[in-house]
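Engineer: just to be clear, the model below is a prediction. Sequence and coordinates:
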Amino acid sequence: MIEKVISGNDAVALAVKLSRVKVTGIYPITPQTYIIESLSEMKDKGELETEIIRVESEHSAMAATFGAAASGVRAYTATASQGLLYMHEMVWWVAGSRIPVVMTVGTRAVGPPWNIWNEHTDFMSERDSGWIMAFASTPQEAMDLTIIAFRVTEDERVFLPMMVGMDGFILSHTKTRVYVPSQEEVDSFLPPRRQPYVLDPEDPLAMGNMFQPADYMRLRESIHRAQLASKEVIVEAGKQYMKKVVPIGSYSTLNESYRLEDAEYAVVTMGAWSLDAMQAVDELRNEGLKVGVYRVRFIRPWPEEEVVKALDGKRVLVLDRSVSFGRGGQLYTEVRASLPNAEVKGVITGLGGVSIGKNEIKTVIRKFVERPEGVEWFYPKEGEKVELRSPRYIK
Amino acid sequence: MSLGVRDILNKHRLLSGTSACPGCPENIAMRLISTALGENAVFVVVAGCSSVIQGMGPNSAYNYPVLNIAFAAGPAAASGIAAAMRSRGKDVKAVVWAGDGGTADIGMASLSGAAERNEDILYICVDNEAYMNTGGQRSGSTPIGASTTTTPMGKRHNKKNIPFIMMAHHVPYVATASVGYPHDLMEKVKKAKAIRGFSYVQVLCPDPYGWMFDPSKTAEVAKLAVQTCYWPLFEYENGRLRIADECLHCLDKRTRKPVKEFLKVQGRFKHADEEKVRELQEYIDEMWDRLKLLYEEKLKF
């Protein structure tokens, strides 16, 4: 293990290399582009044994990655925003086929209007696809979770693909200290590729042909059961990772609790701003407010037991960097469903790169203490929303 | 090595119990092509009749590995398979099997991308000239004048000439074939399999239901398409065009049979007026003018 100052994109590219990925289908889209450029550079320098297929669209990127994975090798791709939406059909295809694949999503707003900055709506739109979905809060975690993802997806109790979310620009482009494991350390953690079936002329089988309704439904149930079973596998893998690869992090649970034991109020977050929330909580604690943070790392499988244990009996504020129109924040909806008797408030903010840091989160928490219910939209600058004067702006 | 009737019947590449309609040209093509490919092939079957013909999962009437996949994904998935097989040190040909809809319309971008990258895959387009699996709607490959369920009075635009588009991609091998000429088809597939790089074979598959003729006449109609010069049989390899003996007479306009003879054996052209028939004949004549220039090596793609 060595210490390096690198970006989230660099960290993920190194994780792909260290995981001995054999094939990647690549297509550029902001802000994940640097991952695939970095892989291409490593390949041209002869440092990478991966075959790179430079396809013509994200739909094809996932199709090529899937074709390779179905043929029995470790396969990876990365995408974001419009690209993930264009890829959507193949995202479902991979999970429905129970074929392990790992993907990074450098989260970004979805147009129109065009916006390249961070939000989580693209990532959250895949919640029902059958993929295991983790979200990093630091470049270190983006790397760790990528390596852990290969082990989890290839476990026979799981055999499902996994995507790792990473806040666009905030994590993807920001350079920070990352502990990079050695090849030997990763090799000691990742067993050889395993999958339920392989395309092979010596063993002819048909994958994905027509099924009778009840058989189809049974396969759907098996995906759901594998998702539930993956909780145990993720924790097992996390503990092993901390033991054999990088001895830091908090991977012995699916999600992370921060100063929650004695807290009266809990703030639920996901992604990079969780660290801002933790700082905000520290400062509010100094002012006498008993508040803690619950950081969601796994949105699928949803860690119901952990959520209930951590949050039950507290007043809960959920910060969403995404929106389900006509309903509210997705994270809010999930937490609300797990805590039917608790007071839960949802705040949607930070969409399309609206800047939210420690001070803004403190403001949101103070407002929440005053009125701990409902769903609100928070703009950090007073009047920001009425200053919009686009000809297409509809009130 | 040549493949005879005995091989086709004895190799059991296509098991009994397929869900194909009577007289299905894709079933014929599948039997011939899978026999010609022999071992060491993996099929990527793009959405269409052939996704259904293999029968209900978990069983399959195709006696070789098949990856069924969504419409626009075939060539990209095959690229992934080819890369993975190379990585595993296996000599396996990834074969994309798509209809004309999956090829000319929804799958065009991924087909073009794989061709540009010269992926080591074989792409087979089974061209029945409409979206037959969804009940016979027009496709980019439907000829002018042909009625479909979305062009009931006949299509107003010409057929998209995919073999020409593929030749313009400078891939190592482009060929056309017809289920009416099994040996020609199988030889071309064998040749394509041996090529390292991208090869494309488009097979005319007259559909008894969509084209409205008796299911016992599939092979006859497929032959007539070639004899009347509606459907050329050619190979384009290393910049040289070879035309099958069966349609050499089409190179000369004077010996070309009028397309009318081909149209009258099927029901889909019953609304086609004189003008539409003339426009279709012009399309065919223009195609042969270009093929003649390629044949005489006065033109190269």
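Structural biologist: Arrived safely. Numbering: from 1, shown residues only, chains lettered A, B, ... in the order given.

Engineer: in the chain, which helix is the longest?
Structural biologist: Answering for chain A, as no chain was given. Ordering each helix of chain A by length in residues (DSSP state H) puts helix A:213-244 first.

Engineer: look at chain B instead
Structural biologist: Among the segments of chain B that qualify as a helix by DSSP H, the longest is helix B:274-295.

Engineer: and the longest helix of chain A, does that touch chain B?
Structural biologist: Yes. Applying Cβ under 8 Å from any Cβ of the partner chain, one finds helix A:213-244 in contact with chain B at residue A:215. Yep, even glycine has a C-beta here, placed from its N, CA and C like the rest.

Engineer: any idea whether residue A:376 is helix, strand or coil?
Structural biologist: Secondary structure state of residue A:376, per DSSP: H, G, I helix; E, B strand; the rest coil, is strand.

Engineer: buried residues in stretch A:15-22, which are they?
Structural biologist: A:15-22 (16 or more other Cβ atoms under 10 Å in any protein chain shown).

Engineer: so for it, what's the average pLDDT?
Structural biologist: For stretch A:15-22, mean pLDDT is 98.

Engineer: and that stretch, end to end?
Structural biologist: Taking Cα to Cα, to the nearest Å as the measure, stretch A:15-22 stretches 13 Å from start to finish.

Engineer: how far away from the center of its chain is it?
Structural biologist: 19 Å (Cα atoms, centre = their mean, to the nearest Å).

Engineer: likewise for stretch B:41-57?
Structural biologist: The answer for stretch B:41-57 is 16 Å, by Cα atoms, centre = their mean.

Engineer: close to chain A, is that stretch?
Structural biologist: Yes. Residues of stretch B:41-57 contacting chain A under Cβ under 8 Å from any Cβ: B:41-42, B:44, B:51-52, B:54-57.

Engineer: which stretches of the chain have low pLDDT?
Structural biologist: Answering for chain A, as no chain was given. Counting by pLDDT under 70, the ranges of chain A that qualify are A:382-395.

Engineer: switch to chain B, please.
Structural biologist: Applying pLDDT under 70 to chain B picks out residues B:1-5, B:8-10.

Engineer: quick one: the helices in it, in order.
Structural biologist: For chain B, the helices defined by DSSP H occupy B:5-10, B:25-37, B:49-53, B:74-87, B:100, B:108-116, B:162-167, B:182-194, B:208-211, B:218-227, B:260-263, B:274-295.

Engineer: residue B:245 is nearest to which of these?
Structural biologist: helix B:182-194 (9.3 Å; Cβ to Cβ).

Engineer: still on that earlier bit, determine which two of the residues of stretch B:41-57 next to chain A are furthest apart.
Structural biologist: With Cβ to Cβ as the measure, no two of the residues of stretch B:41-57 next to chain A lie farther apart than B:41 and B:56, at 23.0 Å.

Engineer: follow-up on the earlier one: mind checking which of the buried residues of stretch A:15-22 land in helices?
Structural biologist: A:15-18.

Engineer: and the residue in chain B positioned nearest to chain A, what is it in contact with?
Structural biologist: Ranked by Cβ to the nearest Cβ, the top residue of chain B for proximity to chain A is residue B:80, at 2.8 Å. Contacts of residue B:80 were listed using Cβ atoms under 8 Å, 6 or more residues apart in numbering or on different chains, and they are A:23, A:25, A:53, A:63-71, A:75.

Engineer: what's the answer for residue B:185, then?
Structural biologist: Taking Cβ under 8 Å, 6+ apart, we find residue B:185 in contact with B:29, B:32-33, B:36, B:177-179, B:201, B:203.

Engineer: run the last query once more with 10 Å
Structural biologist: Contact analysis of residue B:185 by Cβ atoms under 10 Å, 6 or more residues apart in numbering or on different chains lists B:28-29, B:32-33, B:36, B:124, B:175-179, B:201, B:203-204, B:222, B:233.

Engineer: what subset of those is buried?
Structural biologist: Judged by 16+ other Cβ under 10 Å, buried ones among these: B:28-29, B:32-33, B:36, B:124, B:175-179, B:201, B:203-204, B:222, B:233.

Engineer: quick check: which of the helices of chain B is buried the most?
Structural biologist: helix B:74-87 (a mean of 29; mean count of other Cβ atoms under 10 Å in any protein chain shown).

Engineer: got the helices of chain B as a markdown table, with distance to residue B:151 columns?
Structural biologist: Putting the helices of chain B into a markdown table (distance: least, Cβ to Cβ, whole Å) gives the following:
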| stretch | distance to residue B:151 |
| --- | --- |
| helix B:5-10 | 36 |
| helix B:25-37 | 21 |
| helix B:49-53 | 20 |
| helix B:74-87 | 26 |
| helix B:100 | 15 |
| helix B:108-116 | 20 |
| helix B:162-167 | 19 |
| helix B:182-194 | 29 |
| helix B:208-211 | 12 |
| helix B:218-227 | 20 |
| helix B:260-263 | 15 |
| helix B:274-295 | 11 |
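
Engineer: hey, where'd the strands end up in the stretch 1-150 of chain A?
Structural biologist: Remark: strands assigned in the stretch 1-150 of chain A by DSSP state E, counting those that start in this stretch are A:2-6, A:23-26, A:51-54, A:75-79, A:102-107, A:132-135.
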